[in-house]
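Participant: quick check, what structure comes out for this input:
(one chain, ligands or ions: 3)
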Amino acid sequence: MKFQKVMKFGGGCLRDADGLRRAAAVIRREPVPPAVVVSAVAGVTDELERGLARAVRNEAGIARTIGALRLRHDRLVSGLLAAPEVRAEVAAQIERRLARLERLLLGAALIGEVSPHARAHVLSFGERWAALLLAGVLREAGADARALESEQIGLAADDVAEGATADLAAFRRAVRKNALGTEAGRFVPVITGFYGLASGRRVVSFGRNGSDYSAAVVAAALRAPLLEIWKDVDGFMTADPRRVPGARPVARLSFAEAAELAYFGAKVLHPRALEPVAREKGTIRIRHLFQPDRPGTEIAAEGGTAETVLKSVTSNDRIAVLRVSGPGVGFRPGVIGDIGRSLADRGVNILSVITAQTAINVLVAEEDARRARRILRGIRRGVVTRVELETGLALVAAVGEGLASERGLAARVFAAVADNGVNVEMISSGASSAAAYFLVRKADVLPAVRALHAEFFEARANRPPNRAG
Ligand code: ADP
Ligand code: ASP
Ligand code: MG
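Facilitator: Ligands and ions are numbered 1, 2, ... in the order given. Purely as a prediction, here's the structure:
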């Protein structure tokens, strides 16, 4: 036996008793017990983050943090669990972890600062409580469900405290010996998302929103062909539904398309969740917990063709551009290599590079910008003469396999934007066969995204007036 399916429930699904009940109901519909991965209950990770910041300032705030977290989870226990044994067991396990968290916060208060590892450890508690709760609801409904923390299943990772990468080989070796391997398909494991263990004991997180990645790693380790990610939206939409009211669900995407979308800003899926599943030739399905009979979005090796090549539009305004210039930058060999290496060595991730003969534009996350500038100022004296930081830009990406090769399509993308009075500051097209992206002033992001969405996804009558007809 093996697990055929991994089901991941995000914080957006687990916001209250109703969400947890619905999650349990879709799990119970499965004919064969699936493996389940959970995020923290909505808002709990943020609460842990705030609580930790307060603790570092002074000890007095700790009681408030613990009190608020206890109240939130106790309410869920009383709302969800009626059977006295299940209820008492879950409540006791939650309390035990509250006590451990309190000790960690006291430690932070005593020292007056917090290491990245201690932070990762503190933030991991939300997932621990959520796993206990959901497993409790399932047990009460008669399923053989067990909450399993990353420690118990040997979810190994490298030692990057808040952006770790799972060690799949080590995790697989552990799985062979634990219940996930020996009792595969015979019970419902409810596994904590978001964190793993370095050297078998140090808690390291996969970064904010990292539970999608955890779920992908679990699916890969268990060789489960299907990963279902349950959300509070229909799946990948043609644009962020919070910003574009007319956004519609996208039925199918290739891994490459989903990667471009996730990487360039669509918050619905963590960009790193794709690689482990793609490598195992698996499939990801994104499903709507509150509309469980809708198909959602399927992400597989072949994306399938839509009537339009374009599948979705996304944006990211938390970027910065470093313009590295100098007379030899465009033709001296190795400059890009030096830039890449020196940033990578210090842990700065490059989102993209747009080159010209005398300048190389390096896109990085906003929070890395100043550090990246310092690093780049140290390289290749004589070749690089200036490193300028531009923080006023944002990135807009149009995604669809074949976009670069379909004649006239890129032109239509840029015309739609320009016709709405948005100036395009920089373009990168053709770098990937699945995306065209460009930079605009931050204030122009929403008009640009809406113009593209109207051009490609909305009925002609709804288009902005200057493009109608
Ligand atoms: P979870 O807690 O389940 O991980 P998130 O809040 O992290 O869920 O991600 C889901 C949210 O992502 C949705 O509620 C939606 O508002 C937002 N979102 C952004 N871009 C897109 C997109 N292109 N398609 C769908 N949802 C998107
Ligand atoms: N609970 C974590 C967060 O809020 C991980 C996740 O939800 O994926 O970032
Ligand atoms: Mg998320």
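Participant: C-alpha from now on. contacts and neighbour counts both.
Facilitator: Fine.
Participant: what's around the closest residue to residue 238 other than its chain neighbours, how many residues?
Facilitator: Closest residue in space to residue 238, ignoring its immediate chain neighbours: residue 312 at 4.1 Å, by Cα to Cα, 6 or more residues apart in numbering. Per other Cα atoms under 10 Å, the neighbour tally for residue 312 reads 29.
Participant: now the helices for the stretch 1-150 of the chain?
Facilitator: 17-28, 44-57, 62-80, 84-111, 116-123, 125-140, 150-153 (DSSP state H, counting those that start in this stretch).
Participant: pull out the buried residues from the last one.
Facilitator: The one in question is helix 150-153. Residues of helix 150-153 classed as buried by neighbour count (16 or more other Cα atoms under 10 Å): 150-151, 153.
Participant: ditto for stretch 427-438
Facilitator: Neighbour-count burial for stretch 427-438 [16+ other Cα under 10 Å]: 427-429, 432-438.
Participant: Throw those into JSON lines and include pLDDT and distance to ligand 2, thanks.
Facilitator: Shown next, in JSON lines, are these (pLDDT from 0 to 100; distance: Cα to the nearest ligand atom, whole Å):
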{"residue": "427", "pLDDT": "84", "distance to ligand 2": "32"}
{"residue": "428", "pLDDT": "77", "distance to ligand 2": "30"}
{"residue": "429", "pLDDT": "60", "distance to ligand 2": "31"}
{"residue": "432", "pLDDT": "77", "distance to ligand 2": "27"}
{"residue": "433", "pLDDT": "81", "distance to ligand 2": "29"}
{"residue": "434", "pLDDT": "86", "distance to ligand 2": "26"}
{"residue": "435", "pLDDT": "87", "distance to ligand 2": "26"}
{"residue": "436", "pLDDT": "86", "distance to ligand 2": "28"}
{"residue": "437", "pLDDT": "87", "distance to ligand 2": "26"}
{"residue": "438", "pLDDT": "90", "distance to ligand 2": "28"}
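Participant: rebuild those as a markdown table, extending it with secondary structure.
Facilitator: A markdown table is the format used below for these (DSSP: H, G, I helix; E, B strand; the rest coil):
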| residue | secondary structure |
| --- | --- |
| 427 | strand |
| 428 | strand |
| 429 | strand |
| 432 | strand |
| 433 | coil |
| 434 | coil |
| 435 | strand |
| 436 | strand |
| 437 | strand |
| 438 | strand |
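Participant: what about the residue in the stretch 351-469 of the chain positioned nearest to ligand 2, which SS state?
Facilitator: Closest approach between the stretch 351-469 of the chain and ligand 2, counting by Cα to the nearest ligand atom: residue 367, at 16.7 Å. Secondary structure assignment for residue 367 (three-state DSSP): helix.
Participant: that one: what's it in contact with?
Facilitator: residue 318 (Cα atoms under 8 Å, 6 or more residues apart in numbering).
Participant: over to residue 339?
Facilitator: Going by Cα under 8 Å, 6+ apart, residue 339 touches 376, 379.
Participant: and residue 396, how many neighbours does it have?
Facilitator: By the criterion of other Cα under 10 Å, residue 396 has 26 neighbours.
Participant: what's opposite it in the beta bridge?
Facilitator: residue 315, residue 438 (DSSP bridges).
Participant: how about the contacts made by residue 65?
Facilitator: Neighbouring residues of residue 65 by Cα under 8 Å, 6+ apart: 47-48, 51.
Participant: how deep is the closest residue to ligand 1 within the stretch 351-469 of the chain tucked in, by neighbour count?
Facilitator: Across the stretch 351-469 of the chain, no residue is closer to ligand 1 than residue 399, which sits at 10.6 Å (Cα to the nearest ligand atom). By the criterion of other Cα under 10 Å, residue 399 has 29 neighbours.
Participant: my guess is residue 391 contacts residue 319. True?
Facilitator: Yes. Residue 391 is within contact range of residue 319, at 7.1 Å (criterion: Cα atoms under 8 Å).
Participant: shared neighbours, the two?
Facilitator: Counting by Cα under 8 Å, 6+ apart, the residues touching both residue 391 and residue 319 are residue 366.
Participant: looking at those two, which one has more neighbours?
Facilitator: residue 319 (22 against 16).
Participant: distance-wise, check the more buried one relative to residue 57.
Facilitator: 30 Å (Cα to Cα, to the nearest Å).
Participant: contact partners for the residue nearest to residue 121 when sequence neighbours are not counted?
Facilitator: Of all residues not flanking residue 121 in the chain, residue 203 sits nearest, at 5.3 Å (Cα to Cα, 6+ apart). Residues near residue 203 by Cα under 8 Å, 6+ apart: 117-118, 120-121, 124, 161, 195-197.
Participant: ok, residue 328 next?
Facilitator: 358, 383-384.
Participant: pretty sure it belongs to a helix, no?
Facilitator: No. Residue state for residue 328 (three-state DSSP) corresponds to coil; a helix is not indicated.
Participant: re the thing from before, contacts only, for the residue nearest to residue 238.
Facilitator: Residue 312 neighbours (Cα under 8 Å, 6+ apart): 237-239, 250, 261, 398-400, 453.
Participant: of those residues, which belong to strands?
Facilitator: Under the assignment DSSP state E, these contribute 398-399 to strands.
Participant: from the contacts of residue 312, pick the one nearest residue 106.
Facilitator: Using Cα to Cα, residue 261 comes nearest to residue 106 of the contacts of residue 312, at 41.0 Å.
Participant: okay, the closest one: pLDDT?
Facilitator: Predicted confidence (pLDDT) for residue 261: 93.
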